[in-house]
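A.B. asks: Give me the fold of what follows.
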Amino acid sequence: MISFIIKKLELLILTLFILTIILFWVHVRITGTETDSIIPEYWNYAVRLITLNFGNSSVSGMPIVDEIKIFFPPTIELLLLSLISAFVVGVPLGIFGGLNHHSGSDKCIYTFCLLSTSIPVYWSSQILILFFCVYIKALPTTGNISLLYDVPKMTGFPTVDALLTGDRNIIIDMLQHMALPLFTLSVIPCATFARIARKSTIILTQKYFIKAAYCRGESKMSIGIHHVMRSILPEIIQQLNIIICNLYSSCILVEVIFEWPGTGLWITQSINNSDSNIIEATTFILGGIFLIINITLDTASTLFINRNLLSHS
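C.D. replies: Next up, the predicted model:
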């Protein structure tokens, strides 16, 4: 296991090195600076990236690190809530469909998985806005809080700050603003979790330890919780890095459509304003974050697989 982690760390360092080279080349091309001594220039540029010295925004004039503290927490909050919601709903749904294979409920779950993964978020977002905001007028269309409320930024996370105020009206307003972006963003990963869980459960039902559980008179709920859930976790964790990457790409579109004040809207505005400093900074930070997530999930998946092999043996 130690050698496995060392290899992953070596891959992380190598990938970050290649990323800094690409960003340095883009920086030189955009700024048009002449590099007489390219190695010292690259070294200084890489040190600035690693030490998070990104400079100031060319539009707002603020330090980019301060803007990161403003725009990253709302995105992290939206991603975590949508991922947790998708997991809590999708995995039990897939297990239920797999344990009731070829039944009517299983066919409905399979249809839900196909339809949900086929509908792009930019289309479903517009339909939800048209129905809930224009026709019914039950939910707000943009932002994360009404202009009527001034929520002090204690943690930077909108929902947490709203809860800390203790004001019932602010909390309800925040939840109303979050409802549509959260639902839109959760549908596709929910269907993905359900599809993975359903497929793994169908395979597991042919195993002897599942058949033995049926012979002992265990209910399907007990089998799903105590046997199936533990066995399919490694498969889910292996796919989790892809799910998170796809979730963030969808999050960019959702934030732009609903004007959610996160990194997606921030990056889009920076591209429109040709703010190269922000583009380089966010590329480096997001690349590093996704690499760390990938290594962490690979390590966790390996641990789960080894643990399951030992328990079954």
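
A.B. asks: C-alpha from now on. contacts and neighbour counts both.
C.D. replies: Will do.

A.B. asks: Show the pLDDT at Val160.
C.D. replies: Per-residue confidence (pLDDT) for Val160: 89.

A.B. asks: Can you name every helix or strand that whatever helix or strand it lives in contacts?
C.D. replies: Using DSSP states H and E, Val160 sits in helix 158-165. Packed against helix 158-165, as judged by 3 or more C-alpha pairs under 8 Å, 6 or more residues apart in numbering; DSSP states H and E, are the following elements: helix 64-99, helix 168-204.

A.B. asks: Next, the buried residues of the shortest one.
C.D. replies: Residues of helix 64-99 classed as buried under the neighbour-count rule (16 or more other C-alpha atoms under 10 Å) are 64-65, 67-68, 70-75, 77-79, 81-83, 85-87, 89-99.

A.B. asks: Also the longest one?
C.D. replies: If you call a residue buried by 16+ other C-alpha under 10 Å, then helix 168-204 has these buried ones: 170-171, 173-178, 180-202, 204.

A.B. asks: Where do the helices of the chain begin and end?
C.D. replies: Applying DSSP state H to the chain gives helices spanning 2-31, 38-50, 64-99, 104-118, 121-128, 158-165, 168-204, 208-215, 220-223, 229-258, 263-272, 276-312.

A.B. asks: Quick one: closest of those helices to Pro140.
C.D. replies: Among these, the nearest to Pro140 by C-alpha to C-alpha is helix 168-204 (5.8 Å).

A.B. asks: Which elements pack onto that closest one?
C.D. replies: Secondary-structure packing of helix 168-204 (3+ C-alpha pairs under 8 Å, 6+ apart): helix 64-99, helix 104-118, helix 121-128, helix 158-165, helix 229-258.

A.B. asks: okay if I get these as CSV plus distance to Ile278?
C.D. replies: Putting the helices and strands packed on helix 168-204 into CSV (distance: least, C-alpha to C-alpha, whole Å) gives the following:
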stretch, distance to Ile278
helix 64-99, 7
helix 104-118, 32
helix 121-128, 25
helix 158-165, 22
helix 229-258, 15
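
A.B. asks: So for Ser276, which of the ones you listed sits nearest?
C.D. replies: helix 64-99 (11.2 Å).

A.B. asks: Now do the nearest residue in space to Ile21 that is not next to it in sequence, the pLDDT please.
C.D. replies: With sequence-adjacent residues excluded and distances taken as C-alpha to C-alpha, 6 or more residues apart in numbering, Ile21 is closest to Tyr42, at 7.6 Å. The model reports Tyr42 with a pLDDT of 89.

A.B. asks: got it, and the one 3 residues further on?
C.D. replies: In this prediction, Tyr45 carries a pLDDT score of 90.

A.B. asks: now do Asn306
C.D. replies: 59.

A.B. asks: re earlier: of the helices of the chain, give the one that comes closest to Asn56.
C.D. replies: Across those, closest to Asn56 is helix 64-99 (C-alpha to C-alpha), at 5.3 Å.

A.B. asks: Give me the helices and strands touching that closest one, please.
C.D. replies: Applying 3+ C-alpha pairs under 8 Å, 6+ apart, we find helix 64-99 packed against helix 104-118, helix 158-165, helix 168-204, helix 229-258, helix 263-272, helix 276-312.

A.B. asks: so of those, which one's packed in deepest?
C.D. replies: Mean neighbours per residue, mean count of other C-alpha atoms under 10 Å, is largest over the helices and strands packed on helix 64-99 for helix 168-204, with a mean of 21.

A.B. asks: Now that one: average pLDDT?
C.D. replies: 93.

A.B. asks: And Leu164, how close does it get to Met154?
C.D. replies: Here Leu164 is placed at a distance of 8 Å from Met154 (C-alpha to C-alpha, to the nearest Å).

A.B. asks: contacting residues around the residue lying farthest from the centre of the chain?
C.D. replies: Distance from the C-alpha centroid of the chain, by C-alpha atoms, centre = their mean, peaks at Asp36 (41.5 Å). Neighbour list for Asp36: empty [criterion: C-alpha atoms under 8 Å, 6 or more residues apart in numbering].

A.B. asks: Now do it against Ile5, distance only.
C.D. replies: Asp36 is 39 Å from Ile5, by C-alpha to C-alpha.
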